[in-house]
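Asks: fold the following, please.
(2 chains)
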Amino acid sequence: MSMLNEQEAKKLIDKVLAFSKADEINVAVSGGRVGNIRYARNTVSTSGEADNLSLVVTSFFGKRSGTATINEFDDASLEKTVQRAEEIARLAPENPEYLPALGPQQYGKSLTFSENTTRINPLFRANAALASIQPCINKKLTAAGYLEDTTGFIAIGNSKGLFGYNKETSGDFTITVRTADERGSGYGVQSFTDASKLDTKGVTQIAIDKAVSSRDAKEMQPGKYTVILEATASGELLSLMINALDARSADEGRSFFGKKGGGNKIGEKLFNEKVQIISDPSNLDNPASPFAPDGRPRQRVTWIKNGVLKNLPYSRYWAQQKGVDALPPPSGIIMQGSEQTLTDLIKGTEKGILVTRFWYIRPVDPQTLVFTGLTRDGTFYIENGAIKYAIKNFRFNESPAAMLNNVEALGKPVRIGGNMIPPMKIRDFNFTSLSDAV
Amino acid sequence: MKRKDFLQLTTMGVGALMIPDFILGHPVDPSQFLSEGLDSSTKKALADVALNAAKAKGASYADVRISRYLQQSISTRENRVQNIANTESYGVGVRVLVNGTWGFAATNEVTKESITKCAHTAAALAKANAKLQSEPVKLAPQKGLGERTWKTPIQINAFEIPVKEKVDLLLKVNSEAMKAGANFINSSLSFVNEQKYFASTDGSYIEQDIHRLWPTFTVTVVDKQTGKFKTRDALSAPMGMGYEYLNAKAPEKISGPIDLILYRYAYDMLEDAIQAAKQAKEKHAAKSVQAGNYDLVLDPNHLGLTIHESVGHPLELDRVLGYEANYAGTSFATLDKWRSGKFNFGSKIVNIVADRTQPYFLNSIGYDDDGVPAKEWDLIKNGILVNYQATRDQVHILGQKESHGCSHADSWNSVQFQRMPNVSLRPGNEKLSVHDMIKDVEKGIYILGRGSYSIDQQRYNFQFGGQLFYEIQNGKITGMLDDVAYQSNTQQFWNSCVQICDKNDYRSFGTFRDGKGQPSQASAVSHGCSTTRFNKIDVLNTNTAKTI
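Replies: Numbering: from 1, shown residues only, chains lettered A, B, ... in the order given. Just a heads-up that it's a prediction; the model follows:
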């Protein structure tokens, strides 16, 4: 059995805690099932299902710690695992950044679980794949797609009385449709907590439309253009900036968020005032676990307000050093937008480029957060509020920080992976060369 | 599971929701690394259980992998240890071919009952998916090899070296780098030992013991006045070697231009950390490059990545055929170009070889995960595209009768598929050192180390940075440059290749983490070459990010 309910997890953790002879002990137990189906050339290539349940013990003697794990759950095995963690701890070097374990915490209500997703089986996945492949075969197009679903839980506990349990379901579907002559390619994506919302046929239709209309792409000169980034493309760039949110690296002077002369940029206006970024584990469209893996509670946090950096995540150690609250990093962010649809954004654009998604984004300069990458699977020229024609893909060299300064308009956020991201209209987006790739 | 959760959990060494075993493994006591596990005859008996169960369910072919993956990684910063992770992952994967369709299942319970159940599940999956199959699998012939063994030719098993010795080395590296001017240093050592047992219905029973290691660091120098920071990564390479790679030896050092010390098959981590700190400091005063056309002189520790991205990946047959279209992409090197026999991938001096037998290289093995013996074959000969990288179930598409031996799975619980072998540029035939090469360059840049890298999904347009950039004017290095990246098109770039240093300069570049497939699998691969010159390549200034 790979899924434990809250009572079963608590009972197991309490049993493990009782075996401890260490100064402190942390226990984490996690498990669940991941299933997937993959297809290409209009036929299924691989599919699989994997169950997993494991228990990890970390024991502490003073500032020394040791970790051991097991996937057998009889009493003797559990006791042996605790003993092994204690043996490793005794031999480990002291960690000067050690902090005592947290005591009991209050966590909010979790919204991360859906029964519908737990019922996914191989037949469901095969049918979902067929609903995507068949329309492509009908139109002499080629489908390559991937569906993955997860049902799992995590429970944490320690010798100071902390206990947390969260169960979670999630899934992601991606589809790339290519024309038979290899001159057109389109992409679609959907993320979900509740499998009843999965619509592989509808998402595939978006990819089909993009593939067909991206044939006969014209060449435009590289340069700075107004772009409309679909939510996928926006999210790909935005996540790079979110990943850089960290107080310690900023205070150490090796981050975009580090201040000249020392310290960090909390309180500074860094972006356009339209930029509002929060995280909220209780958001219905993008729920997250109410606790961080180290037991800290997650609450609604404002990271950027009216373009001003309001908060940075702190590790418990760094927060203690700086005498501030130890805010855990966000698990999924929500960038606020408007009620405008993608079509509305296109309508309001005199000249611009619509980007479906980006590919192979890599850092160029960590100081300015300049990244390079390419457009992919549907890039179009917009004129007088309408898509005029497909264009060849571009390479960009651009910073998400500059992008958030150049925001002209934001659309309605949609869920991409574990984030809510709006499509964005950005001026002066820097394309540096052309690519022949389709 | 969100990315940051994953990172936190792995850093803490705490088990994570939905993290596959092949990534996290099980933390273990280091003493367990030296236990030998099951003996060969027990593994053979268990393998036969799987093969017989698969045949009974109608499999026309089946293979089984019983594998134990050991990893140790030690990471430090400045004067302290951040993490010591000892992990073990052990289990069995069964692959069956039923009705022309693959099925795969895996279990971490290595018992007769679980293995039988696994074979049955794999057969059931194959039968279910066969209904959607429009291209039945065709396997190239492979004779049964009987019982075979292979081991990475190591001198010192890294897992036998005490953790304390490794920690002491890293902390010494850190303190010397700090003394030499670094403000921060992150350093790490990673060791891998894969104990793989493969058996197939062809009659092969193959036991392999594969070793790899990767020492690396990043030094950072911060200028508080300007608020700028500069970094320099190690010039080491991950290797298919034992701990002997870390025993510095003079014959394995190459004296580069401007007193640079470069490394071949032994690495002096301490020495490199000191030169790295000085160079990171020097970067603060380096001239920002003027965008334009330059002749590039590319060191093997840099060019290896360009070979990986622009030659290795586009010649993977599964990408060419469209199996990676939804993730890694397809390829410009299409079958019609190869069939023409005239596709000039590069200039006439460009000879690129695939080789899974090369000593010290990460992807070298005795037998692949289809049970095919390792081999060497040409991909590009005198500039012309002549072959791809393929597995047993792919070579028939090329009209070839023998697999290239490119099948690999990154864990017992992952299904094997086509992965990149070591892909390398052959050294020049005429005697030529890097010093001689630079003498002939009027306006150029000498680039070392792995930097930023990005390439499109069909492998035409790429952009690469590096760790160190030196301006060459009229045959001489005149100083350090900053903000350098070059952009090119694969075919144009390789046709601009005008000179390759001889075999005395030949070295390797590599990675543990080449990613492909959904769900994504990692693979370790090396790329060898000598310093090579490419004429008139577009260089951009990454600070202003404008091309010419």
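
Asks: B:N186 reaches B:I74, doesn't it?
Replies: No - under the contact definition of C-beta atoms under 8 Å, B:N186 does not touch B:I74, with a separation of 11.7 Å. The way it works is simple: take the backbone N, C-alpha and C, and place the C-beta from them, glycine included.

Asks: common neighbours of the two, please.
Replies: Common neighbours of B:N186 and B:I74, using C-beta atoms under 8 Å, 6 or more residues apart in numbering or on different chains, do not exist here.

Asks: out of those two, which sits in the more crowded spot?
Replies: Shown here are B:N186 and B:I74; by other C-beta atoms under 10 Å in any protein chain shown, B:I74 has more neighbours (21 against 18).

Asks: please enumerate the strands of the stretch 301-450 of chain B.
Replies: Here the stretch 301-450 of chain B has its strands, by DSSP state E, counting those that start in this stretch, at B:352-355, B:376-381, B:384-385, B:407-408, B:417-418, B:423-425, B:443-448.

Asks: mind checking the SS state of B:D514?
Replies: strand (DSSP: H, G, I helix; E, B strand; the rest coil).

Asks: distance check, the residue in the stretch 101-250 of chain B that chain A sits nearest to against A:N397.
Replies: Nearest residue of the stretch 101-250 of chain B to chain A (C-beta to the nearest C-beta) works out as B:G227 at 3.2 Å. Separation of B:G227 from A:N397 (C-beta to C-beta, to the nearest Å) stands at 21 Å.

Asks: equivalent analysis for A:I13, please.
Replies: Taking C-beta to C-beta as the measure, A:I13 falls 50 Å from A:N397.

Asks: more crowded one of those two?
Replies: Set A:I13 next to A:N397 and count neighbours by other C-beta under 10 Å: A:N397 wins out with 28 against 24.

Asks: can you name the residues bridging to that one?
Replies: Listed by DSSP bridges, the beta-bridge partners for A:N397 are A:T372.

Asks: do B:S488 as well
Replies: Going by DSSP bridges, B:S488 forms beta bridges with B:F462.

Asks: next up, the contacts around it.
Replies: B:S488 makes contact with B:N461, B:F462, B:S496, B:I537, B:D538 under the criterion C-beta under 8 Å, 6+ apart.

Asks: swap in A:K201?
Replies: A:K201 touches A:A131, A:S132, A:P135, counting by C-beta under 8 Å, 6+ apart.

Asks: just those now: which is nearest chain B?
Replies: Nearest to chain B, judged by C-beta to the nearest C-beta, of the contacts of A:K201 is A:S132 at 10.6 Å.

Asks: and that closest one, what element?
Replies: Here A:S132 is covered by helix A:122-138, with elements defined by DSSP states H and E.

Asks: which segments of chain A make up each domain?
Replies: Split into domains by automatic domain parsing, chain A comes to A:6-211, A:216-245+A:267-311+A:330-438.

Asks: could you list the buried residues of stretch A:174-181?
Replies: A:T174, A:I175, A:T176, A:V177, A:R178, A:T179 (16 or more other C-beta atoms under 10 Å in any protein chain shown).

Asks: one more: stretch B:470-488?
Replies: B:470-472, B:477, B:480-488.

Asks: burial measure for the residue of the stretch 101-250 of chain B closest to chain A, as a count.
Replies: Neighbour count for B:G227, taken as other C-beta under 10 Å: 14.

Asks: so, low pLDDT: which residues of the stretch 1-150 of chain A?
Replies: Scanning the stretch 1-150 of chain A for pLDDT under 70 picks out the ranges A:1.

Asks: ranges for the strands of it?
Replies: For the stretch 1-150 of chain A, applying DSSP E, counting those that start in this stretch gives strands covering A:24-40, A:43-61, A:64-70, A:141-158.

Asks: is it possible to get JSON lines of these that adds distance to chain B and mean neighbour count?
Replies: Converted to JSON lines, those look like this (distance: least, C-beta to the nearest C-beta, whole Å; neighbours: other C-beta atoms under 10 Å in any protein chain shown):
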{"stretch": "strand A:24-40", "distance to chain B": "4", "mean neighbour count": "24"}
{"stretch": "strand A:43-61", "distance to chain B": "4", "mean neighbour count": "22"}
{"stretch": "strand A:64-70", "distance to chain B": "4", "mean neighbour count": "23"}
{"stretch": "strand A:141-158", "distance to chain B": "4", "mean neighbour count": "24"}
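
Asks: to B:R356, which of the ones you listed lies closest?
Replies: Ranking the strands of the stretch 1-150 of chain A by proximity to B:R356 (C-beta to C-beta) places strand A:43-61 first, at 23.5 Å.

Asks: next, the angle from the closest one to strand A:64-70.
Replies: Going by axes from the mean of the first three to the mean of the last three C-alpha atoms, to 10 degrees, strand A:43-61 is angled at 140 degrees with respect to strand A:64-70.

Asks: so what does strand A:43-61 touch, helix or strand wise?
Replies: Under the contact criterion of 3 or more C-beta pairs under 8 Å, 6 or more residues apart in numbering or on different chains; DSSP states H and E, strand A:43-61 touches helix A:6-18, strand A:24-40, strand A:64-70, helix A:75-91, helix A:122-138, strand B:101-107, helix B:112-130.

Asks: using JSON lines, lay out the ones you listed together with distance to A:S185.
Replies: Converted to JSON lines, those look like this (distance: least, C-beta to C-beta, whole Å):
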{"stretch": "helix A:6-18", "distance to A:S185": "45"}
{"stretch": "strand A:24-40", "distance to A:S185": "13"}
{"stretch": "strand A:64-70", "distance to A:S185": "43"}
{"stretch": "helix A:75-91", "distance to A:S185": "50"}
{"stretch": "helix A:122-138", "distance to A:S185": "12"}
{"stretch": "strand B:101-107", "distance to A:S185": "26"}
{"stretch": "helix B:112-130", "distance to A:S185": "25"}
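
Asks: please identify which of those is closest to A:A144.
Replies: So among the helices and strands packed on strand A:43-61, strand A:24-40 is nearest, using C-beta to C-beta, at 4.1 Å.

Asks: with the buried residues of stretch B:470-488 in mind, which one is nearest to chain A?
Replies: The shortest gap between chain A and any of the buried residues of stretch B:470-488 belongs to B:Q487, at 5.2 Å (C-beta to the nearest C-beta).

Asks: hmm, the closest one is touching B:Y460, no?
Replies: No - counting by C-beta under 8 Å, B:Q487 sits too far from B:Y460 to count as a contact (11.2 Å).
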